[in-house]
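*Asks:* can't give you the sequence, but here's the structure:
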DNA sequence: GCCGCGTTTTACCCGCTAGTATATTTTTGG
DNA sequence: CCAAAAATATACTAGCGGGTAAAACGCGGC
């Protein structure tokens, strides 16, 4: 209804730049792409909050536009439609988690950390991402079925890749004898379950209880693989 | 569109009678209430399947009526509205699980079973119910927010009661020294998480893999409390 | 065979929302 | 300071789905 869609701060990317955009005044060359990326992420930010509290179907594009102090056609210049916005939201959690694993595995290989420490660090980091992006993840879990077929499959593949990599970490731990599990791939799925359950334990607004949930979840995961 | 809403078999109540209705030809007295209950449970059965595959908002009452070979106003004679149908579906999983705990605790007290066996049996039984009622539970997890405030709270209270009772079982096990956990109530919540995650591991139609998922889930739960 | 009552259907309304064609404002660069 | 073009808003449509009033059906009893 009113004006000025860009009244607030950036979409607070947790760490890495997901969009491969040099946002802001990098070299002076091309400021536009960064602005576009900023607007897109602001839309996603507000959309995830809206979908989180109202549900995807109940939430309307007009509501979303109002929250951004913009209008509906504005949204259509940055996303193909409602489904595209949902798709982008749903993809964030996994993408960020995979990026975190990349980062951790790289630095872990450098310093030659023990497999158990790699696993522990990974779990803690991913648990942290889940708390930070809780709204995105809840929306994904709930609204999965509203995704278009192709989007749903793409995201599912990413999730499988995540499970696979956790499974490999578990196997590495088994090889050096620090833990014992019946079947690493299976166990990685149950670990995924515990991590997902964090979305039930933690509600945004509960302030610092987030870190407590992270601790509990990591501990539970480790216990599942026979550590602790 | 067509006729004959009652073409199939009863709603296959898994074990106990949840509605306290003497369905069928009990004494010859009053057949009507049983018929009404039957129709209600047929509606719920079909509705849960529909909501499961389409989602609550996407699914329409016309679709549901068609599946039952009936019409929309027919539904309104048995339920106040769409939300009432959802509410009834969402309540089933917890209610049945609590009933199972009642049954198990009663018979367990009779034969004086060990606390660990009580816990083990309870987990296995509830896991079985989850597989049997998977569609009801998935719908509940997904569509919770579409419940009216009162319904949502009532069901949540039932879930808390469930967690509480699992927590008490864990404490009993701790008292006799068979397991050790940091905090029983907290642990019961994570057990709830593992059990809920079964809905992700098992898709209806996967035939006998259901029992395998039950075994895995129970094993994971036991490992969580330090049993192997 | 026909009456009356409970059940089920036909036919309808109302409100709402994704998406769009067109107008208007803002920015760019000359 | 002014045109061209990019960004954003206004105003509209089309279709759908929840809910309902009133007609039609069917099944006991007489």
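*Replies:* Noted; the coordinates are in hand. Note that the structure is a prediction, hence the values are computed from the model and not measured.

*Asks:* Tell me which helix or strand the residue positioned nearest the centre of chain A sits in.
*Replies:* In chain A, the residue lying closest to the centroid (Cα atoms, centre = their mean) is residue A:93, at 1.6 Å. Using DSSP states H and E, residue A:93 maps to helix A:82-111.

*Asks:* Do you know the pLDDT at the residue nearest to the centre of chain A?
*Replies:* Looking at residue A:93, its pLDDT is 96.

*Asks:* which secondary structure elements does the helix or strand hosting residue A:220 contact?
*Replies:* Assessed by DSSP H and E, residue A:220 sits inside helix A:209-224. Contacts defined by 3 or more Cβ pairs under 8 Å, 6 or more residues apart in numbering or on different chains; DSSP states H and E place helix A:209-224 against helix A:115-132, helix A:184-201, helix B:184-201, helix B:209-224. (C-beta placed from N, C-alpha, C; glycine too.)

*Asks:* So what touches the shortest one?
*Replies:* Same thing as helix B:209-224. For helix B:209-224, contacts defined as Cβ atoms under 8 Å, 6 or more residues apart in numbering or on different chains pick out A:182, A:186, A:190, A:220, A:223-224, A:226, B:119-120, B:123-124, B:127-128, B:131, B:187, B:190-191, B:194-195, B:197-198, B:201-202, B:228.

*Asks:* hmm, 7 Å instead?
*Replies:* Residues from elsewhere that reach helix B:209-224 (Cβ atoms under 7 Å, 6 or more residues apart in numbering or on different chains): A:186, A:190, A:220, A:223-224, B:120, B:123-124, B:127-128, B:131, B:187, B:190-191, B:194-195, B:198, B:201-202, B:228.

*Asks:* again with the first one
*Replies:* Surrounding helix A:115-132, the residues in contact under the criterion Cβ under 7 Å, 6+ apart are A:14, A:96-97, A:100-101, A:104-105, A:108, A:137, A:169-170, A:172-173, A:176, A:178, A:195, A:198-199, A:202, A:210, A:213-214, A:217-218, A:221-222, A:227.

*Asks:* quick check: angle from it to helix A:82-111?
*Replies:* Going by axes from the mean of the first three to the mean of the last three Cα atoms, to 10 degrees, helix A:115-132 is angled at 150 degrees with respect to helix A:82-111.

*Asks:* helices or strands up against the lowest-mean-pLDDT helix or strand in chain A?
*Replies:* In chain A, no helix or strand scores lower on mean pLDDT, DSSP states H and E than helix A:32-54, which sits at a mean of 88. Where contact means 3 or more Cβ pairs under 7 Å, 6 or more residues apart in numbering or on different chains; DSSP states H and E, helix A:32-54 is packed against helix A:61-67, helix A:72-78, helix A:82-111, helix A:134-143.

*Asks:* Show me which residues of the third one are buried.
*Replies:* This points to helix A:82-111. A:82, A:85-94, A:96-101, A:104-105, A:108 (16 or more other Cβ atoms under 10 Å in any protein chain shown).

*Asks:* Sounds good, over and out.
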